[in-house]
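Novice: can you look at this prediction? I've put the sequence above it.
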Amino acid sequence: MADQTHVLFVEDDDVIREATQLALERDGFAVTAMPDGLSGLEAFRANRPDIALLDVMVPGLDGVSLCRRIRDESTVPVIMLSARADAIDVVLGLEAGADDYVTKPFDGAVLVARIRAVLRRFGHAGGGDRADESGAAASGGVLTFGDLEIDTEGMEVRRAGQPVALTPTEMRLLLEFSAAPGTVLSRDKLLERVWDYGWGGDTRVVDVHVQRLRQKIGQDRIETVRGFGYKLKA
(Lines give C-alpha, C1' and ligand atoms only; values in the text may rest on other atoms or scores of the structure.)
Protein backbone atom coordinates (compact mmCIF):
# COMPACT_ATOMS: atom_id res chain seq x y z
CA MET A 1 0.00 0.00 0.00
CA ALA A 2 2.98 2.28 0.61
CA ASP A 3 3.65 2.45 -3.13
CA GLN A 4 0.02 3.10 -4.03
CA THR A 5 -1.69 6.45 -4.31
CA HIS A 6 -3.96 6.73 -1.28
CA VAL A 7 -7.43 8.17 -1.95
CA LEU A 8 -9.82 9.34 0.76
CA PHE A 9 -13.36 8.97 -0.58
CA VAL A 10 -16.28 10.43 1.39
CA GLU A 11 -19.71 9.45 0.05
CA ASP A 12 -22.91 8.62 1.95
CA ASP A 13 -24.60 6.55 -0.78
CA ASP A 14 -23.61 2.94 -0.08
CA VAL A 15 -23.93 1.79 -3.68
CA ILE A 16 -21.92 4.67 -5.14
CA ARG A 17 -19.31 4.42 -2.39
CA GLU A 18 -18.73 0.70 -2.80
CA ALA A 19 -18.82 0.72 -6.61
CA THR A 20 -16.45 3.69 -6.88
CA GLN A 21 -14.08 2.21 -4.33
CA LEU A 22 -13.89 -1.03 -6.29
CA ALA A 23 -13.34 0.85 -9.56
CA LEU A 24 -10.52 2.93 -8.07
CA GLU A 25 -8.89 -0.11 -6.51
CA ARG A 26 -8.98 -1.88 -9.87
CA ASP A 27 -7.03 1.08 -11.27
CA GLY A 28 -4.36 0.61 -8.61
CA PHE A 29 -5.42 3.14 -5.98
CA ALA A 30 -5.57 2.41 -2.26
CA VAL A 31 -8.93 3.72 -1.04
CA THR A 32 -10.24 4.69 2.38
CA ALA A 33 -14.01 5.14 2.00
CA MET A 34 -16.11 6.90 4.62
CA PRO A 35 -19.90 7.50 4.77
CA ASP A 36 -19.96 10.95 6.41
CA GLY A 37 -17.92 14.09 6.88
CA LEU A 38 -16.89 13.58 10.51
CA SER A 39 -15.51 10.09 9.92
CA GLY A 40 -13.91 11.46 6.75
CA LEU A 41 -12.09 14.13 8.75
CA GLU A 42 -10.89 11.53 11.24
CA ALA A 43 -9.66 9.31 8.41
CA PHE A 44 -7.88 12.24 6.79
CA ARG A 45 -6.02 13.06 9.98
CA ALA A 46 -5.17 9.43 10.66
CA ASN A 47 -4.05 8.44 7.16
CA ARG A 48 -2.95 11.67 5.40
CA PRO A 49 -4.09 10.55 1.93
CA ASP A 50 -2.58 11.72 -1.35
CA ILE A 51 -5.92 13.06 -2.61
CA ALA A 52 -9.45 13.51 -1.24
CA LEU A 53 -12.73 12.94 -3.11
CA LEU A 54 -15.56 14.61 -1.22
CA ASP A 55 -19.25 14.44 -2.00
CA VAL A 56 -20.92 17.79 -1.36
CA MET A 57 -24.01 16.38 0.37
CA VAL A 58 -22.81 14.10 3.15
CA PRO A 59 -24.19 13.99 6.73
CA GLY A 60 -22.48 15.15 9.90
CA LEU A 61 -20.08 17.56 8.21
CA ASP A 62 -20.94 18.46 4.64
CA GLY A 63 -18.35 18.18 1.89
CA VAL A 64 -17.74 21.92 1.60
CA SER A 65 -17.12 22.26 5.34
CA LEU A 66 -14.91 19.18 5.29
CA CYS A 67 -12.92 20.67 2.43
CA ARG A 68 -12.36 23.84 4.47
CA ARG A 69 -11.17 21.80 7.46
CA ILE A 70 -8.77 19.84 5.27
CA ARG A 71 -7.49 22.99 3.61
CA ASP A 72 -6.80 24.54 7.03
CA GLU A 73 -4.42 21.66 7.72
CA SER A 74 -3.04 20.62 4.35
CA THR A 75 -2.53 21.45 0.67
CA VAL A 76 -3.51 17.89 -0.35
CA PRO A 77 -5.50 17.98 -3.61
CA VAL A 78 -9.28 17.90 -3.22
CA ILE A 79 -11.89 17.01 -5.83
CA MET A 80 -15.53 17.75 -4.99
CA LEU A 81 -18.32 15.47 -6.20
CA SER A 82 -21.72 17.02 -6.78
CA ALA A 83 -25.01 15.37 -7.75
CA ARG A 84 -25.81 18.31 -9.98
CA ALA A 85 -23.86 20.91 -11.90
CA ASP A 86 -25.39 23.59 -9.70
CA ALA A 87 -23.41 26.83 -9.81
CA ILE A 88 -23.74 27.35 -6.06
CA ASP A 89 -22.42 23.87 -5.24
CA VAL A 90 -19.51 24.24 -7.65
CA VAL A 91 -18.48 27.72 -6.54
CA LEU A 92 -18.83 26.95 -2.82
CA GLY A 93 -16.65 23.89 -3.20
CA LEU A 94 -13.98 25.73 -5.14
CA GLU A 95 -14.04 28.70 -2.79
CA ALA A 96 -13.56 26.28 0.11
CA GLY A 97 -10.26 25.28 -1.45
CA ALA A 98 -11.13 22.40 -3.79
CA ASP A 99 -8.92 22.05 -6.85
CA ASP A 100 -11.52 20.55 -9.17
CA TYR A 101 -15.00 19.02 -9.19
CA VAL A 102 -16.82 16.20 -10.95
CA THR A 103 -20.57 16.04 -11.49
CA LYS A 104 -22.48 12.86 -10.63
CA PRO A 105 -23.35 10.54 -12.18
CA PHE A 106 -19.80 10.21 -13.45
CA ASP A 107 -18.07 7.69 -15.65
CA GLY A 108 -15.39 5.78 -13.75
CA ALA A 109 -12.81 6.37 -16.47
CA VAL A 110 -13.48 10.11 -16.40
CA LEU A 111 -13.07 10.21 -12.62
CA VAL A 112 -9.77 8.32 -12.80
CA ALA A 113 -8.54 10.63 -15.56
CA ARG A 114 -9.44 13.68 -13.48
CA ILE A 115 -7.69 12.21 -10.42
CA ARG A 116 -4.55 11.48 -12.41
CA ALA A 117 -4.58 14.96 -13.93
CA VAL A 118 -4.73 16.54 -10.46
CA LEU A 119 -1.98 14.26 -9.16
CA ARG A 120 0.25 15.14 -12.11
CA ARG A 121 -0.16 18.81 -11.29
CA PHE A 122 0.69 18.28 -7.67
CA GLY A 123 3.60 15.98 -8.42
CA HIS A 124 5.05 18.50 -10.86
CA ALA A 125 4.16 21.91 -9.51
CA GLY A 126 6.79 23.42 -11.74
CA GLY A 127 6.56 25.83 -14.63
CA GLY A 128 9.74 27.60 -13.69
CA ASP A 129 11.29 26.89 -17.08
CA ARG A 130 8.73 29.09 -18.76
CA ALA A 131 8.84 31.63 -15.95
CA ASP A 132 12.52 32.29 -16.63
CA GLU A 133 11.46 33.70 -20.01
CA SER A 134 8.91 36.12 -18.59
CA GLY A 135 10.92 39.30 -18.91
CA ALA A 136 10.15 40.24 -15.29
CA ALA A 137 12.95 41.38 -13.01
CA ALA A 138 14.63 38.11 -12.00
CA SER A 139 17.48 37.14 -9.71
CA GLY A 140 18.45 33.55 -8.97
CA GLY A 141 15.06 32.21 -10.05
CA VAL A 142 13.15 35.00 -8.28
CA LEU A 143 10.69 37.04 -10.33
CA THR A 144 9.70 40.45 -9.01
CA PHE A 145 6.51 42.35 -9.79
CA GLY A 146 6.43 45.39 -7.54
CA ASP A 147 6.19 44.08 -3.98
CA LEU A 148 5.44 40.56 -5.22
CA GLU A 149 8.34 38.08 -5.34
CA ILE A 150 8.01 34.63 -6.90
CA ASP A 151 10.77 32.12 -6.21
CA THR A 152 10.35 29.73 -9.15
CA GLU A 153 12.94 27.30 -7.80
CA GLY A 154 11.90 27.18 -4.16
CA MET A 155 8.20 27.47 -5.10
CA GLU A 156 7.67 30.29 -2.61
CA VAL A 157 5.87 33.61 -2.91
CA ARG A 158 6.35 36.74 -0.83
CA ARG A 159 4.35 39.93 -0.81
CA ALA A 160 5.97 42.98 0.78
CA GLY A 161 8.49 40.59 2.26
CA GLN A 162 5.85 38.39 3.91
CA PRO A 163 5.31 34.76 2.81
CA VAL A 164 2.11 34.02 0.91
CA ALA A 165 0.62 30.55 1.37
CA LEU A 166 -0.57 29.19 -1.98
CA THR A 167 -1.96 25.78 -2.82
CA PRO A 168 -0.09 23.93 -5.60
CA THR A 169 -2.89 24.79 -8.05
CA GLU A 170 -2.71 28.47 -7.14
CA MET A 171 1.07 28.35 -7.52
CA ARG A 172 0.82 26.82 -10.98
CA LEU A 173 -1.73 29.46 -11.96
CA LEU A 174 0.55 32.26 -10.76
CA LEU A 175 3.51 30.75 -12.61
CA GLU A 176 1.51 30.74 -15.84
CA PHE A 177 0.72 34.42 -15.40
CA SER A 178 4.28 35.33 -14.42
CA ALA A 179 5.66 33.49 -17.46
CA ALA A 180 4.03 36.10 -19.71
CA PRO A 181 3.24 39.29 -17.78
CA GLY A 182 0.99 41.64 -19.71
CA THR A 183 -0.16 38.83 -22.01
CA VAL A 184 -3.81 37.83 -21.93
CA LEU A 185 -4.36 34.15 -21.15
CA SER A 186 -7.75 32.73 -22.04
CA ARG A 187 -9.68 30.56 -19.61
CA ASP A 188 -9.40 27.63 -22.00
CA LYS A 189 -5.64 28.04 -22.19
CA LEU A 190 -5.38 28.16 -18.41
CA LEU A 191 -7.55 25.03 -18.13
CA GLU A 192 -5.19 23.27 -20.51
CA ARG A 193 -1.96 24.42 -18.86
CA VAL A 194 -2.88 24.48 -15.17
CA TRP A 195 -5.61 21.84 -14.90
CA ASP A 196 -4.14 19.59 -17.58
CA TYR A 197 -7.46 19.34 -19.39
CA GLY A 198 -7.13 17.76 -22.80
CA TRP A 199 -10.84 18.39 -23.23
CA GLY A 200 -13.23 21.23 -22.57
CA GLY A 201 -13.68 22.07 -18.92
CA ASP A 202 -15.79 24.35 -16.76
CA THR A 203 -14.24 27.81 -16.77
CA ARG A 204 -15.75 28.51 -13.34
CA VAL A 205 -12.80 26.53 -12.00
CA VAL A 206 -10.48 29.18 -13.45
CA ASP A 207 -12.57 32.14 -12.32
CA VAL A 208 -12.76 31.02 -8.69
CA HIS A 209 -9.05 30.21 -8.51
CA VAL A 210 -8.17 33.61 -9.98
CA GLN A 211 -10.42 35.19 -7.34
CA ARG A 212 -8.66 33.24 -4.58
CA LEU A 213 -5.24 34.14 -5.99
CA ARG A 214 -6.16 37.84 -6.10
CA GLN A 215 -7.12 37.74 -2.43
CA LYS A 216 -3.62 36.54 -1.61
CA ILE A 217 -1.39 38.56 -3.93
CA GLY A 218 -3.49 41.71 -4.37
CA GLN A 219 -6.82 42.36 -6.06
CA ASP A 220 -5.33 44.64 -8.72
CA ARG A 221 -2.41 42.35 -9.61
CA ILE A 222 -4.41 40.23 -12.08
CA GLU A 223 -6.52 42.12 -14.57
CA THR A 224 -9.70 40.83 -16.20
CA VAL A 225 -9.84 41.43 -19.96
CA ARG A 226 -13.53 41.05 -20.73
CA GLY A 227 -14.32 38.53 -23.41
CA PHE A 228 -10.75 37.23 -23.53
CA GLY A 229 -9.35 36.16 -20.14
CA TYR A 230 -6.87 37.40 -17.56
CA LYS A 231 -3.41 38.90 -17.48
CA LEU A 232 -0.80 39.68 -14.85
CA LYS A 233 0.00 43.37 -14.77
CA ALA A 234 3.61 43.78 -15.79
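Specialist: In hand now; what should we look at? Remember, it's a predicted structure, so these values are computed and weren't measured experimentally.

Novice: domains of this structure?
Specialist: Listed by automatic domain parsing, the domain ranges of the chain are 6-123, 128-232.

Novice: lowest-confidence stretch among those domains?
Specialist: Mean pLDDT per stretch puts domain 128-232 lowest among these, at a mean of 84.

Novice: picking that back up, redo the domains of the chain as JSON lines? Include mean neighbour count.
Specialist: Yep, even glycine has a C-beta here, placed from its N, CA and C like the rest. As requested, the domains of the chain are exported to JSON lines (neighbours: other Cβ atoms under 10 Å):
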{"stretch": "domain 6-123", "mean neighbour count": "18"}
{"stretch": "domain 128-232", "mean neighbour count": "17"}
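
Novice: residues contacting the residue nearest to residue 8 when sequence neighbours are not counted?
Specialist: Among residues not flanking residue 8 along the chain, residue 49 sits closest, at 4.0 Å (Cβ to Cβ, 6 or more residues apart in numbering). Residues counted as contacts of residue 49 (Cβ atoms under 8 Å, 6 or more residues apart in numbering) are 6, 7, 8, 32, 43, 76.

Novice: now do residue 230
Specialist: 177, 184, 185, 187, 190, 206, 210, 222, 223, 224 are the contacts of residue 230 under Cβ under 8 Å, 6+ apart.

Novice: please redo it, this time with the cut-off set to 10 Å
Specialist: 173, 176-177, 184-187, 190, 206-207, 210, 213-214, 222-224 (Cβ atoms under 10 Å, 6 or more residues apart in numbering).

Novice: can you check residue 177 too?
Specialist: With Cβ under 10 Å, 6+ apart, residue 177 has these contacts: 131, 134, 145, 150, 183, 185, 190, 194, 210, 213, 217, 221-222, 230-233.

Novice: and of the contacts of residue 49, the nearest to residue 169?
Specialist: When the contacts of residue 49 are compared for distance to residue 169 (Cβ to Cβ), residue 76 wins out at 11.5 Å.

Novice: residue 74 contacts residue 48, correct?
Specialist: Yes: taking contacts as Cβ atoms under 10 Å, residue 74 lies within contact range of residue 48: 7.5 Å.

Novice: if I look at the residue nearest to the spatial centre of the chain, how far off is residue 122?
Specialist: Centrality entry for the chain: nearest residue to the mean C-alpha point is residue 99, 2.3 Å, by Cα atoms, centre = their mean. As defined by Cβ to Cβ, to the nearest Å, residue 99 lies at a distance of 8 Å from residue 122.

Novice: common neighbours of the two, please.
Specialist: 51, 75, 76, 77, 167, 168, 169.

Novice: list the contacts of the second one.
Specialist: Each residue near residue 75 by Cβ under 10 Å, 6+ apart is listed here: 97, 99, 122, 125, 165, 166, 167, 168, 169, 170, 171.

Novice: please redo it, this time with the cut-off set to 7 Å
Specialist: With contacts defined as Cβ atoms under 7 Å, 6 or more residues apart in numbering, residue 75 is in contact with 167, 168.

Novice: where's it relative to residue 18, distance?
Specialist: 29 Å.

Novice: how about residue 82?
Specialist: Distance from residue 82 to residue 18, by Cβ to Cβ: 20 Å.

Novice: off-centre distance for stretch 58-72?
Specialist: Put simply, stretch 58-72 sits 16 Å off its chain's centre (Cα atoms, centre = their mean, to the nearest Å).

Novice: and what of stretch 110-126?
Specialist: The answer for stretch 110-126 is 9 Å, by Cα atoms, centre = their mean.

Novice: could you do stretch 177-186 as well?
Specialist: Counting by Cα atoms, centre = their mean, stretch 177-186 comes out at 20 Å from the chain centroid.
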